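>>> need a structure here:
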Amino acid sequence: MLLPRGAEALGVSVAFVIAASLLDGTHTLSVVQKALPVHYWQNWTNLVDSSDPAHLTSGIVAQIATIALAGGVALLVLCRRDPAA
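Reported below is the predicted structural model:
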């Protein structure tokens, strides 16, 4: 997906955060919640206060995976983009 304007990119980003926050609020999807980056964004104070670093490690892994996925998609889009456009 190629978004030519900043407003469209902002809209997609806001929609992603809202959808991820809604999915994070449902307790029936606990497996999906752990993979969502917003799950750890909203619970960061518990990660710092906790003496168990397991939550921190899984949060770091989820963030790195999200950054790698977004970076890979951005690289693919930029490589396939028409330079004359």
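
>>> phi, psi of Leu36?
phi -80, psi 130 (degrees, to the nearest 10).

>>> who's in contact with it?
Contact partners of Leu36, counting by CB atoms under 8 Å, 6 or more residues apart in numbering, are Ala20, Leu23, Asp24, Ala62. The way it works is simple: take the backbone N, C-alpha and C, and place the C-beta from them, glycine included.

>>> work out for me the element the third one sits within.
What it means is Asp24. Asp24 belongs to helix 6-25 when assigned by DSSP states H and E.

>>> residue ranges with poor pLDDT in the chain?
Applying pLDDT under 70 to the chain flags residues 1-4, 42-44, 46-48, 50-55, 82-85.

>>> where is the longest helix in it?
If you go by DSSP state H, the chain has its longest helix at helix 54-80.

>>> please report phi then psi for Leu29.
phi -110, psi 50.

>>> please name the nearest non-neighbouring residue to it.
Leaving aside its chain neighbours, Leu29 sits nearest to Leu23 (6.1 Å; criterion: CB to CB, 6 or more residues apart in numbering).

>>> repeat that for Ser21.
Val38 (5.3 Å).

>>> can you read off the backbone torsions of the one you found?
phi -70, psi -20.

>>> what about it, neighbour count?
20 (other CB atoms under 10 Å).

>>> list the contacts of it.
Val17, Ala20, Ser21, Asp24.

>>> quick check: closest non-adjacent residue to the first one.
Spatial nearest neighbour of Val17, chain neighbours left out: Val38 (6.3 Å); criterion: CB to CB, 6+ apart.

>>> how much space between the residue nearest to the spatial centre of the chain and Ile64?
The residue lying closest to the centre of the chain (CA atoms, centre = their mean) is Pro37, at 4.5 Å. Per CB to CB, to the nearest Å, Pro37 is found 10 Å from Ile64.

>>> Val14 too?
23 Å.

>>> next: Val17.
For Val17, the distance to Ile64 - CB to CB - is 19 Å.

>>> this completes my enquiry, with thanks.
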